[in-house]
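In: Provide a 3D model corresponding to the input given below.
(chains A, B, C and D)
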Protein chains: 2
Amino acid sequence: MTQAPRKSPPRVTLEDVARRAQTSTITVSRALRRPGMVSEKLRERIAKAVTELGYVPDPAASALASRRSNVIGVLIPSVTNSVFAEVLSGLYDTIAGKPFNAQLGNTRYAPETEDELIRVFLSQRPAGLVVTGIDQSPVSRALLAAADCPVVQIMELGETPTDMMVGFSHRDAARTATDHLIERGYKFPAFIGARMDPRSERRLQGFRDAIAAADIAEGDRVVTTPTPSSVTLGETLLAELLAQAPETDAILCNNDDLALGVQFAAHRRGIAIGPELGLCGFNDIEVMEAAHPSITSVRTFRREMGRLAIDMLMARIEGKDVDENVRDLGYALMPRDSTMRE
Amino acid sequence: MTQAPRKSPPRVTLEDVARRAQTSTITVSRALRRPGMVSEKLRERIAKAVTELGYVPDPAASALASRRSNVIGVLIPSVTNSVFAEVLSGLYDTIAGKPFNAQLGNTRYAPETEDELIRVFLSQRPAGLVVTGIDQSPVSRALLAAADCPVVQIMELGETPTDMMVGFSHRDAARTATDHLIERGYKFPAFIGARMDPRSERRLQGFRDAIAAADIAEGDRVVTTPTPSSVTLGETLLAELLAQAPETDAILCNNDDLALGVQFAAHRRGIAIGPELGLCGFNDIEVMEAAHPSITSVRTFRREMGRLAIDMLMARIEGKDVDENVRDLGYALMPRDSTMRE
DNA sequence: TTGTACGCGTTATCAC
DNA sequence: GTGATAACGCGTACAA
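Out: The predicted structure follows:
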C-alpha cells in the first residue's frame, strides 16, 4: 500500500512488555493467548505491563507467524437487502467481544465476483468462512473444499455441504405458504417473483409442488423477473399478472417487498386484499405485521442464522467436534388479514 | 488463533515466483506494486510466473513489512438500519476492484463499543477509516486525531472535522420539511422520533427552528423515544401524540419507518393521510414513493455518501491533496400525496 | 513453567 | 533498473 501522510507513533511490542515484566516475549505471548500456561505471578506482572504500556497485539504479525488470521470472511449477495442485513446483525452481535473480525464481501449475485472474493479471503488465511447459499460455482466449490478453515453455508440446506450448513428449505416453506392459500379457499393462486436467484427458484418449486398436489392448473399465473426486488416492482408485477391471468384470486410473493407493493397497488385499484385477493409474502419482515391490513408471510429466522453460523465456526475453531454439521432452522407461517376471505 | 482441522496446502511465495522468473523477490514485489519501476521484459517474465504459479500476495506479510494494511475500517451504528445499508452499498461498490478490504464495525450506538472498535481497527494499521457522525467520544476523538491514516466522518457535517467529512445538515433538512408542512397550510405540525441519536436530535432542532420562525407554538406535539425505530413504533407514537395533542394536523417523522407506521395506523383509525393529517418522512427510502397514498419525505444521498467516502480516502492514500475536506451532499424534499390537503 | 532460536512472507534501505 | 540485507512483530519447535 502507498503511504498516508499522517503521524506515526512508535509501536509497543511484545518485547517492550516482556522487558517491563522482566520475562521473555514468548511468555507474554502465551500469557495473552493461553493464560493457563503461565504462572499466576507472572501473569499478573504481564497484565500490569500490558495496561501500563497500552500494548495492542499486531494482527498482521500474529497472522504471519501463526499462519492463521483472525478474519472471518462473510460473503453475501447484497448489502441492501434487509434479509441479509438481519443475518449480518445476528452474526456481528455474536462475534462481538470475540477475538475475531468479520470481513464482509458483497458478491452482488455474480458468481465470478464470488470466486474472486473467496480467493481474496483465502489469501488471508481466514479463521473461518461464511458463504450464502449452496449454488457456488465449480471454482468456488473447489476453493472452499480445499480451504484449510471451517466453512458454513447459510440460508438454505442441501445434500452436499461443503463443510457445515445452517438454513431452511425454501421449497418446503413456499409449499406450506401455498397450501395455506389453498386451504383458505383461494382457487387460483399465483406466484410473482423478483430477482430469481436460486432460493427464489426453489420457492417457485414449492409453489408448484403445492398446486400440483391440489390438482390446480398453473395457467399463466407465474410471473417472474431477474430485476432486483422492490416495493414498486410489486405493483408492476401485479399489473402483468392480472393482465395475463385475470382469474387470479391469491398471490404468493417471493418476498415481502413485493407483497407490500402488491398491497399498495391493490388499494389503488380498489381490490380488497383478503376477501378479493389473498396475499402472502416471504420472510416476514417487521412491516408485514404492521401493515393495514396485516400481511400473511412465512417467517424465517435470519438473525439466528447469523448467530448459529458463528457459533458453528467457533466450535470448530476451538477444536470441538461438531456433531450436527447441518442445522435446519425451519420456518413459520404467520397467517394474517391478507389471507382472510371475510 | 487456535488451529482449524483442515488441510493445509503449501503457499506460493514471492520467492517461488522470483526463482521461476529468474530474478529476485524484491523485483517481483516491485513489478506487482509499481510496474513502472521494472523493465518491460522482466515484467512480462514475472507476470507469466505469477499466473503459472497462481501466486497470491499475503496481506499479513505485506502489512507487517510495510507497516500498513489494506484494511479500510468502517464504523456504523447499526447493520439492520436500511439507511446505513445503503451507505455500505455505495461504499462496497466503490471499493470493489480496488486493492483494499472494507472491514465493518457495528457500534450499536454505544460510544464504548466505538472506542473499542477504533482501537481494534487502528491496531491493524488501516489504510483508512470511515466513521459515522460527528459525536465521537473524547477517547475516540483522540484516537482518530492521532491515527496515522486518513479518516472520513460520514452522514453529517460539523465545524471541526477530525480529518474529512461527507454528509449534510440534518437540521436544515428537517427545517425544510417542516416549512413544507407549514406552507401546505397545516397549522399544528408535530414531530415524532424514535432512537433519538444525535442526528435525530438535530432534526428535532430543525423542526423547532421552523415552527418558531412561523410563530407556531410547539405545544405537546413532540413525542420521542430512545427505542429503536420500527414501523410498528410509528403506530404507538401516533397514538401517544394524538392522545396528548389532539389538535395535531401534520407530522414530521424522524425517519421513513415511522412515517409508514403512522400511515397504516391512520388508515386503521379512519384518518385520511393528506387532507386530515399531513405526513412527512425522512430519508426517502423506496417505499415512500410506492405507498398508497405516496408519502412525502426528504431524500438523502446515502449511496453517494458511501461512494464519496471511499473516493476521498483513495485520493488521500494516493497522496493527492484533497482541497475539499468537507463535502456537503445536501438533501431534496420530495413532496407527495401525504402532504396534499385536498 | 519458562526461554532460545528461528521462520513466517513481504518491503524499506541502501548499494550496485 | 536491479539486487542483497535487514527488519516488521509474533508464534512454533524444541530445549531447559
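In: surely A:Arg195 is in contact with A:Leu233?
Out: No. Applying C-beta atoms under 8 Å, one finds A:Arg195 not in contact with A:Leu233, separated by 9.0 Å. Every C-beta, even on glycine, is put in place using the N, C-alpha and C of the backbone.
In: joint contacts of those two?
Out: A:Thr225, A:Thr227 (C-beta atoms under 8 Å, 6 or more residues apart in numbering or on different chains).
In: A:Asp323 versus the nearest residue to A:Val151 once chain neighbours are set aside, what's the distance?
Out: Closest residue to A:Val151 apart from its sequence neighbours, by C-beta to C-beta, 6 or more residues apart in numbering or on different chains: A:Asp163 at 4.1 Å. Look at A:Asp163 and A:Asp323: by C-beta to C-beta, to the nearest Å, they are 14 Å apart.
In: what ranges do the strands span in chain A?
Out: Ranges of strands in chain A, per DSSP state E, are A:71-76, A:101-106, A:128-132, A:151-156, A:164-168, A:189-193, A:222-224, A:250-253, A:278-280, A:297-299, A:326-328, A:332-334.
In: tell me what the fifth one is packed against?
Out: Same thing as strand A:164-168. Contact partners of strand A:164-168 among helices and strands, from 3 or more C-beta pairs under 8 Å, 6 or more residues apart in numbering or on different chains; DSSP states H and E: strand A:151-156, helix A:302-317, strand A:326-328.
In: could you check the angle helix A:302-317 makes with it?
Out: Here strand A:164-168 runs at an angle of 170 degrees relative to helix A:302-317 (axes from the mean of the first three to the mean of the last three C-alpha atoms, to 10 degrees).
In: so what's the backbone phi/psi at the residue of the stretch 101-250 of chain A found nearest DNA strand C?
Out: Residue of the stretch 101-250 of chain A nearest DNA strand C, by C-beta to the nearest atom of the strand: A:Ser123 (8.6 Å). Phi and psi for A:Ser123, reported as degrees, to the nearest 10, are phi -60, psi -20.
In: ok, the nearest residue to A:Thr232 once chain neighbours are set aside - contacts?
Out: Counting by C-beta to C-beta, 6+ apart, the nearest residue to A:Thr232 once its immediate chain neighbours are dropped is B:Ala290, at 4.6 Å. Contacts for B:Ala290 were tallied using C-beta under 8 Å, 6+ apart; they are A:Ser230, A:Val231, A:Thr232, A:Gly234, A:Glu235, A:Leu260, A:Gly261, A:Phe264.
In: would you turn those into JSON lines with distance to DNA strand D and pLDDT?
Out: Output for these, formatted as JSON lines (distance: C-beta to the nearest atom of the strand, whole Å; pLDDT from 0 to 100):
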{"residue": "A:Ser230", "distance to DNA strand D": "47", "pLDDT": "97"}
{"residue": "A:Val231", "distance to DNA strand D": "49", "pLDDT": "97"}
{"residue": "A:Thr232", "distance to DNA strand D": "51", "pLDDT": "97"}
{"residue": "A:Gly234", "distance to DNA strand D": "52", "pLDDT": "98"}
{"residue": "A:Glu235", "distance to DNA strand D": "56", "pLDDT": "97"}
{"residue": "A:Leu260", "distance to DNA strand D": "50", "pLDDT": "98"}
{"residue": "A:Gly261", "distance to DNA strand D": "52", "pLDDT": "98"}
{"residue": "A:Phe264", "distance to DNA strand D": "55", "pLDDT": "98"}
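In: can you pick the most crowded of the residues you listed?
Out: A:Gly234 (30 neighbours; other C-beta atoms under 10 Å in any protein chain shown).
In: pull the number of nearby residues for A:Glu52.
Out: Around A:Glu52 there are 12 residues (other C-beta under 10 Å).
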